[in-house]
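J.: model this:
(2 chains)
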Amino acid sequence: MKKVLNVGIGKSSFIIEEDAYQRLDLYLERFRNEMDSKDAGEVMEDVEQRIAELFYEYTKGKTEVVSLDVVERVICQLGYPGDSAAGGGEDEPVKKTRRRNGYSEYEQYDGLGEKPHKRLYRNPDDSIIGGVCSGLAAYLNCDPVLVRVLAIVSFLMGSAGFWIYIILWIAVPKARTASEKLEMRGLPITAENLRRFSTRR
Amino acid sequence: MNQTNIENIKSQMRRGVLEYCILSILDKSDAYASELIGKLKDARIIVVEGTLYPLLTRQKNQGLLTYRWEESTQGPPRKYYSLTDKGRAVLLEMDKVWKELVETLDILRK
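T.: Numbers count the residues shown, from 1 in each chain, chains lettered A, B, ... in the order given. Just a heads-up that it's a prediction; the model follows:
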């Protein structure tokens, strides 16, 4: 089961899966950023129109809901305005997977486009009390066990540690969606990563 | 000369020729953006479509192209592009330049 959204693209409305929507939103934003601001509005209208056309084409008959796969295909077909790949586009840059923050199974930031930003979340997938420690561990990129031990030690040393935990529990939001879970780890929000996160549950 | 430099020259050349191609296609018949894309892809001058839309808007703002909305059987109305008189004049100019360039290369390569 997946959450879907109703969106208007190029004057048509579509039902789109949540992860697909996030991917598309990110794509459109990046597309817009690559252009002169004076033409951007008009060009984006054309692009949205084209996306609507392609959605029609791809979803006709088969499924009504626009999935991440469809979005991914459309993005692949449209590319970006600055793509010098006009012509011999066969030599696509190879995405390098670097072992950096211990998340080798996920796509890492490749140095192109916007930098993924990291945010502090509580981690609901790996929580003992409120997921504060494991969220903090993801943020600091260290072992959650270490953070938990430090937390327990601080609980024993006085009430300050306890209150800090309670405050963090209240103040820090829980990472609910796949993109928030990626943000928690500072991983780029790409379709591949989103898919992995949404199927992992 | 390094790799990025060569890439840069290649993309500059393609961009110029691409504008020429768009005008040439529209000179023969008016077209939807999707038809233009199809033709340019068949001719292998573009691979991704994203490069085309900013060009079309620019050429329209320069007064070389114009468009009208046409109803379509499936989905919303679409832009139907056509060449303006100014566009036609520019195309003739480009034809001349292209011929000159080809001749120049022919002479140099002999």
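J.: Show the contacting residues for A:Pro161.
T.: Rather than Pro, residue A:161 is Gly. Counting by CB atoms under 8 Å, 6 or more residues apart in numbering or on different chains, A:Gly161 touches A:151, A:153-155. All C-beta atoms are positioned from the backbone trio N, CA, C, and that covers glycine.
J.: 7 Å - rerun?
T.: A:151, A:154-155 (CB atoms under 7 Å, 6 or more residues apart in numbering or on different chains).
J.: need those residues in CSV with distance to chain B, secondary structure and pLDDT, can you?
T.: As requested, these are exported to CSV (distance: CB to the nearest CB, whole Å; DSSP: H, G, I helix; E, B strand; the rest coil; pLDDT from 0 to 100):
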residue, distance to chain B, secondary structure, pLDDT
A:Ala151, 48, helix, 88
A:Ser154, 52, helix, 86
A:Phe155, 54, helix, 85
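J.: Go through those and single out the one with the most neighbours.
T.: A:Ala151 (20 neighbours; other CB atoms under 10 Å in any protein chain shown).
J.: Grab the nearest non-local neighbour of that residue.
T.: Excluding the flanking residues, the one nearest A:Ala151 by CB to CB, 6 or more residues apart in numbering or on different chains is A:Cys133, at 5.5 Å.
J.: How about the contacts made by that neighbour?
T.: A:144, A:147-148, A:151.
J.: Could you tell me how many residues sit around the residue of chain A found nearest chain B?
T.: Relative to chain B, the nearest point of chain A is A:Gly79 (2.5 Å; CB to the nearest CB). Using other CB under 10 Å, A:Gly79 has 20 other residues around it.
J.: I'd assumed B:Leu52 was in contact with it.
T.: No - with contact defined as CB atoms under 7 Å, A:Gly79 does not reach B:Leu52; the gap is 9.8 Å.
J.: any idea how far A:Ile164 is from A:Leu136?
T.: Going from A:Leu136 to A:Ile164 by CB to CB, to the nearest Å gives 11 Å.
J.: er, B:Ile9 actually
T.: Applying CB to CB to B:Ile9 and A:Ile164 gives a distance of 59 Å.
J.: and those two? which has more neighbours close in?
T.: Taking neighbours as other CB under 10 Å, B:Ile9 and A:Ile164 compare with A:Ile164 leading, 14 against 11.
J.: Would you tell me which residues of chain B are close to chain A?
T.: Residues of chain B lying close to chain A (CB under 7 Å from any CB of the partner chain) are B:7, B:11, B:14, B:18, B:33-34, B:44-51, B:53-54, B:57-58, B:74-76, B:78.
J.: ok, of those, which come out buried?
T.: The neighbour count (16 or more other CB atoms under 10 Å in any protein chain shown) marks B:11, B:14, B:18, B:33-34, B:45-51, B:53-54, B:57-58, B:75, B:78 as buried among the residues of chain B next to chain A.
J.: Which positions in the host helix or strand of B:Met13 come out as buried?
T.: Using DSSP states H and E, B:Met13 sits within helix B:3-28. Within helix B:3-28, the residues that qualify as buried are B:11, B:14, B:17-26, counting by 16+ other CB under 10 Å.
J.: Make JSON lines out of these and add distance to A:Gly41.
T.: As requested, the buried residues of helix B:3-28 are arranged in JSON lines below (distance: CB to CB, whole Å):
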{"residue": "B:Ser11", "distance to A:Gly41": "25"}
{"residue": "B:Arg14", "distance to A:Gly41": "26"}
{"residue": "B:Val17", "distance to A:Gly41": "28"}
{"residue": "B:Leu18", "distance to A:Gly41": "22"}
{"residue": "B:Glu19", "distance to A:Gly41": "22"}
{"residue": "B:Tyr20", "distance to A:Gly41": "27"}
{"residue": "B:Cys21", "distance to A:Gly41": "26"}
{"residue": "B:Ile22", "distance to A:Gly41": "21"}
{"residue": "B:Leu23", "distance to A:Gly41": "24"}
{"residue": "B:Ser24", "distance to A:Gly41": "28"}
{"residue": "B:Ile25", "distance to A:Gly41": "25"}
{"residue": "B:Leu26", "distance to A:Gly41": "23"}
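J.: quick one: which two of those are the most distant?
T.: Spatial extent of those (CB to CB) is set by the pair B:Ser11 and B:Leu26 at 22.6 Å.
J.: Just want the phi and psi numbers for the residue of chain A closest to chain B.
T.: phi 60, psi -160 (degrees, to the nearest 10).
J.: what's the answer for A:Ser13, then?
T.: phi -110, psi 140.
J.: Tell me which residues touch it, please.
T.: A:6-7.
J.: Any idea what it is bridged to?
T.: A:Gly8 (DSSP bridges).
J.: Show me what the longest helix anywhere in chain A is packed up against.
T.: What stands out as the longest helix in chain A, according to DSSP state H, is helix A:37-59. When contacts are defined as 3 or more CB pairs under 7 Å, 6 or more residues apart in numbering or on different chains; DSSP states H and E, helix A:37-59 packs onto strand A:4-9, helix A:18-33, helix A:68-78, helix B:33-42, helix B:52-61.
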